[in-house]
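# sharing a model that was predicted from the sequence below.
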Amino acid sequence: MSETRWPRLKARTLAPGVHWLEIADSAWDTSLGAHVVIVGDSHEVIVIDTAYDLDAPAGFIAGYLAGLGNPAVTAILLTHHHRDHSGGAARLRAATGAPILCHPLEAPLVAEATAIEATDDQPAVPGTTVDGTIEDGQVLTAGGVAIQVVHTPGHAPGHCCFFLPASGLMLTGDLVLGNATTSVSPPHGSMEDLLRSLTRLLDFPMTAIVPAHGPLIRDPHANVQAVLAHRREREEQVLAALRAGDDQPAAIVARVYPDLEEKLIELASRQVTSMLIKLAREGRVVAAGEGEERRWRPA
Ligand SMILES: [Zn+2]
């Protein structure tokens, strides 16, 4: 299929029955949401992730489905609960009747993430209730294309990747991003889980990684190895900062990420906290105190 454009949205076919709707221009531009993948044929499809609940991505998805001949949407799969992935799910379900499925650990978080509080001009919007769950190893099929569920916690506790054995494409959601490293924010994010999930990806015969943000990754194994090496390097830098006397995330961030933009400092601080929690579980650092007062030192 040729490239389709809708304002700045584009779509392309990555393999037979695998359609990639690029919603995010870059890994950092998430104004319309994350990328969407449609798997299947002119009779039935499964839609993976749904971008934000906004007219532009919703119209783009609807237009693309129309171009495929309006196949039955048999399921809407969510990689995880974050609203740039789950926001459009309720609207797509209303339009197609498809059930929304995600890992059981994400189901309550989807409801939380999609609920909108009332404002002066808008009534409250209740959170999206999912219709069913998926589990690690489960295989779903749409139009003859198999989709294997791979539970990959780390960015979120019930985050799932989806592996397409026929093409070797690995849809990584926010576990692996094109041109960026994913964020890990406690309490929902876990650095230990993330590293384990990344390592697990290496076992799959991947031909390419299809991330939810940023460009396609054509050298999947080398890319995941590089991400793991980058994490190990960061961990060493955090340990070095502790040895140099920094005892709180803010000080460690200032040392490890010296020229960071102001708006990214909070994110980096949570990232460092997730590394400290991992190192504490491994017995390599110790924490004293609670909350804002919590201080860390090498074990
Ligand atoms: Zn996310």
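That came in fine, so what should we check first?
# measure Val39 to Gly67 for me?
The span separating Val39 from Gly67 equals 15 Å under the rule C-beta to C-beta, to the nearest Å. Quick note: C-beta positions are derived from backbone N, CA and C, even for glycine.
# which one of those two is surrounded by more residues?
Remark: of Val39 and Gly67, Val39 carries more neighbours, 29 against 13, as counted by other C-beta atoms under 10 Å.
# identify the bridge partners of that one.
For Val39, the residues forming beta bridges with it (DSSP bridges) are Val18, Ile46.
# and the pLDDT for it?
For Val39, the model assigns a pLDDT of 98.
# gap between it and Val238?
39 Å.
# identify the residues contacting Pro220.
Counting by C-beta atoms under 8 Å, 6 or more residues apart in numbering, Pro220 touches Met170, Leu201, Met206, Thr207, Ala208, Ile209.
# enumerate every residue touching the closest residue to the ion within the chain.
For the chain, the residue positioned closest to the ion under C-beta to the ion is His82, at a distance of 3.4 Å. In this structure, His82 makes contact with Ala34, Ala113, Ala156, Asp174, judged by C-beta under 8 Å, 6+ apart.
# what's the pLDDT at it?
According to the model's per-residue confidence, His82 sits at a pLDDT of 95.
# kindly report the same for Thr4.
54.
# show me the helices in the stretch 51-200 of the chain, by range?
55-67, 83-86, 89-96, 107-114, 191-201 (DSSP state H, counting those that start in this stretch).
# in contact with the residue lying closest to Ser269 once chain neighbours are set aside, which residues?
Here the nearest residue to Ser269 in space, its sequence neighbours aside, is Pro249; by C-beta to C-beta, 6 or more residues apart in numbering that works out to 4.5 Å. Contact criterion C-beta under 8 Å, 6+ apart gives Ser269, Arg270, Val272, Thr273, Leu276 as the residues in contact with Pro249.
# wait, the fourth one touches Ser183, no?
No. Counting by C-beta atoms under 8 Å, no contact exists between Thr273 and Ser183, whose distance comes to 11.5 Å.
# pLDDT at the residue nearest to His43 when sequence neighbours are not counted, what is it?
For His43, ignoring the flanking residues on the chain, the nearest one in space by C-beta to C-beta, 6+ apart is Pro71 at 5.4 Å. Confidence at Pro71, expressed as pLDDT, is 98.
# how about the contacts made by Pro71?
Pro71 sits in contact with Gly40, Asp41, Ser42, His43, Glu44, Val45, Leu65, Gly143, where contact means C-beta under 8 Å, 6+ apart.
# many thanks, I have nothing further to ask.
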